[in-house]
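J.: Quick one, fold the following:
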Amino acid sequence: MIKAVSKESCRTIITPAQLRGARAMLDWSRKELRAVTGISVETIKNIECGKFVPQAATVSTIIQCFSVHGVQFIGQLGMLMLPKNGGQP
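T.: Down below sits the predicted model:
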């Protein structure tokens with residue numbers, strides 16, 4: 001399970017569309033994201049529907065999880081899938 005480094009380590013906001021898109025890039029369900037991050041399915045759903053903005057620790061956990069799996073967030077503009085060999089896209 002991926003854990004957040006610290007609450008202060010991440011001030012980035014992930015948009016609902018970015019979170020849905022990142023899951024789609026990896027073909028993950030909300031349950032699969034929960035299994036990797038420990039974030040509840042209900043919280044993931046609420047973030048994706050724009051019901052609330054996640055806390056810094058939750059954002060940090062999400063960013064770290066997707067980073068480990070090759071998905072990088074680009075500000076609030078989108079995401080980027082890195083090649084599996086670790087090279088540049």
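J.: how about the strands of this protein, start to end?
T.: For the chain, the strands defined by DSSP state E cover 71-74, 78-81.
J.: In the longest helix that the chain contains, which residues are buried?
T.: As assigned by DSSP state H, the longest helix anywhere in the chain is helix 56-68. Within helix 56-68, the residues that count as buried by 16 or more other CB atoms under 10 Å are 56-66. Placement of C-beta: from N, CA and C, glycine included.
J.: need those residues in CSV with pLDDT and distance to L82, can you?
T.: CSV is the format used below for the buried residues of helix 56-68 (pLDDT from 0 to 100; distance: CB to CB, whole Å):
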residue, pLDDT, distance to L82
A56, 92, 24
A57, 94, 24
T58, 95, 23
V59, 94, 19
S60, 94, 19
T61, 96, 19
I62, 96, 16
I63, 94, 14
Q64, 95, 14
C65, 96, 14
F66, 95, 10
